[in-house]
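J.: Pasting a predicted model and its sequence here:
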Amino acid sequence: MSQNAQADKKFRLADDGGQLIGELPVFKGTLGFEVVDVRQLLDKSGYCTFDPSFGSTASCRSTITFIDGDKGILLHRGYPIDQLAEKATYLEVAFLLLFGELPSASELAQFTKDITYHTMVHEQLTRFYAGFPREAHPMAILSAVVSALSAFYPDSTDIFDPQQRLISIHRLIAKMPTIAAMAYKNSVGQPFIYPQNHLDYSANFLNMMFAVPPEPYKVNPVFARAINALLIVQADHEQNASTSTVRMVGSTRANPFASVSAGIAALWGPLHGGANEAVLDMLEQIGDKKNIPDFIKRAKDKNDSFRLMGFGHRVYKSYDPRARVMQKICEEVLHEVGADNDPLLKLARELERVALADEYFVDRKLYPNVDFYSGIVQRAIGIPVKMFTALFAIARTAGWLAQWKEMIEDPDQRIARPRQLYCGEDTREYVPLDKRRSMTDTSATVHKPMPSEPAIVGG
Ligand code: CMC
């Protein structure tokens, strides 16, 4: 299966009478679960697996990121996330994700040069922004403009050419902050600020967001450090919903700009990257600590759609290690802006305390996730709530591209094409128009869907 996976065990398939009808290989990776290779299951047994939200499915092999959800561990190419967030720069982590090792000094210098060379966008692309309403959500703009990059840079869309793949990777990592900052500038009616290549990746983003032509703007180093950490903790998270989307779209041999654009759309959802925006909305809605019990009650009520945003995770059944990093950064940033007693942070801490002592959350192993503190950090820096998910998209671009590159370079890669459990009508004869009854006619036969389940793949 992979260089690290050995099939030294078999998973036995038996019929109703316990008679052995086949065996499937079982693989063990470097870390984590053993996986049953079901690729031959249909051919060998006539059965298919049913796993609509992929909770028990390893959709690919990967050497990039490892999560132990029970222990709260997140590793990129073996390096723990807290060490990377504290010691590395985002571009170092991007290089690590893409190429498997931390860069040497000369490799980092070359990679930084390759990225900064591409930070500007085609001037004609800037006109797209005028076509969007001022109040357009930045994620709508981001996904549209990133998709449009394939029209401007067709010279890097041949996915079978390693050099073109590399150039499109450089272009996407380089241009994402520019495209996102331009979406913000458009929303506030300020002129676009061009990238400054003498600034590092995070400082350049802050400069494009907050500088205005008539005045000098100096990037606050505490803010730049916080953005760097935020980008690192959100850079990759194995096969989450948006990454799986990028892989799925990429498996059709669509170009990387189209694949990443699809990933941006998936990230936008409030159960995925949109949660950091939802956390702030929720804290503002709660307003005061005296209202916390009411909201906790609502979160536990199955008849109420309200959930504690920034809590829970499909994989982490322990404290999200990214949330620990962000909690520390949050304190540094709030201290810097003189808001150690920020009422929203106090409210967040109290909400966390109450939830973590509540049987409902304890039993279901619901802990704060990365989004719980990242919104407060961004708010303190002055980033508007609507831009939170755009920042997440900038960060995740490195992960999306590392996973896309890994997939394209995998010799076993085929188009992703799941099967289904069909629960619709059996074969029936076409009914002429004058013989049909309306769907609202209760005596008419209407199809009976399966009871639906939420098909969600948390980040
Ligand atoms: N508030 C209240 N109850 C919750 C919550 C929550 N935030 N999260 C899960 N539950 C309950 C859920 O109702 C269910 O209860 P029961 O077993 O009684 O039916 C149980 O916990 C298991 O939940 P689930 O919906 O089966 O879990 P999932 O793995 O499908 O969903 C999740 C994971 C992240 C979508 C979910 O926890 C959630 O909606 N959290 C809030 C949104 C959020 O913070 N998302 C950010 C994820 S991390 C960022 C990223 O990388 O994308």
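T.: Looks like it came in fine.

J.: Now do the same contact list for the residue of the stretch 201-350 of the chain at minimum distance from the ligand.
T.: Relative to the ligand, the nearest point of the stretch 201-350 of the chain is residue 312 (2.4 Å; CB to the nearest ligand atom). C-beta coordinates here come from the backbone N, C-alpha and C atoms, glycine included. Residue 312 makes contact with 364, 366, 367, 369, 458 under the criterion CB atoms under 8 Å, 6 or more residues apart in numbering.

J.: Name the nearest of these relative to residue 63.
T.: Within the contacts of residue 312, the smallest distance to residue 63 is 22.4 Å, found for residue 458 (CB to CB).

J.: I'd like to know how far the spatially closest residue to residue 265 that is not a sequence neighbour sits from residue 106.
T.: Sequence neighbours aside, residue 143 is the residue nearest to residue 265 in space, at 5.0 Å (criterion: CB to CB, 6 or more residues apart in numbering). Distance, residue 143 to residue 106, using CB to CB, to the nearest Å: 36 Å.

J.: Residue 413 now?
T.: For residue 413, the distance to residue 106 equals 32 Å [CB to CB].

J.: who's more crowded, the two?
T.: The neighbour comparison of residue 413 against residue 106 (other CB atoms under 10 Å) goes to residue 413, with 15 against 8.

J.: in what helix or strand does the more buried one lie?
T.: Taking DSSP states H and E as the definition, one finds residue 413 inside no helix or strand.

J.: Dump the C-alpha coordinates for the worst-scoring helix or strand of the chain on mean pLDDT into PDB.
T.: Least confident element among the helices and strands of the chain, by mean pLDDT, DSSP states H and E: strand 6-14 (a mean of 81). The C-alpha coordinates for strand 6-14 follow below in PDB (Å, rounded to 0.1, in the frame of the first residue of the first chain):
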ATOM      1  CA  GLN A   6       2.500  -3.600   5.700                       C
ATOM      2  CA  ALA A   7      -0.400  -6.000   5.100                       C
ATOM      3  CA  ASP A   8       0.600  -8.700   7.600                       C
ATOM      4  CA  LYS A   9      -3.000  -9.400   8.800                       C
ATOM      5  CA  LYS A  10      -6.200 -10.500   7.100                       C
ATOM      6  CA  PHE A  11      -9.800  -9.400   7.800                       C
ATOM      7  CA  ARG A  12     -12.000 -12.500   7.400                       C
ATOM      8  CA  LEU A  13     -15.400 -12.300   5.600                       C
ATOM      9  CA  ALA A  14     -17.900 -14.900   6.600                       C
END
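
J.: For it, report the contacting residues that lie outside it.
T.: With contacts defined as CB under 8 Å, 6+ apart, strand 6-14 is touched by 1, 20-28, 34, 36-37, 41, 44-45.

J.: roughly how far is it from the heart of the chain?
T.: Here the centre of strand 6-14 is set off from its chain's centre by 33 Å, with CA atoms, centre = their mean, to the nearest Å.

J.: Up against the ligand, what does this protein have?
T.: Residues of the chain lying close to the ligand by CB under 6 Å from any ligand atom are 237, 240, 271-273, 275, 299, 307-314, 364, 366, 369-371, 456, 458-459.

J.: residues touching the residue nearest to residue 265, list them.
T.: Contacts of residue 143 by CB under 8 Å, 6+ apart are 261, 262, 264, 265, 268.
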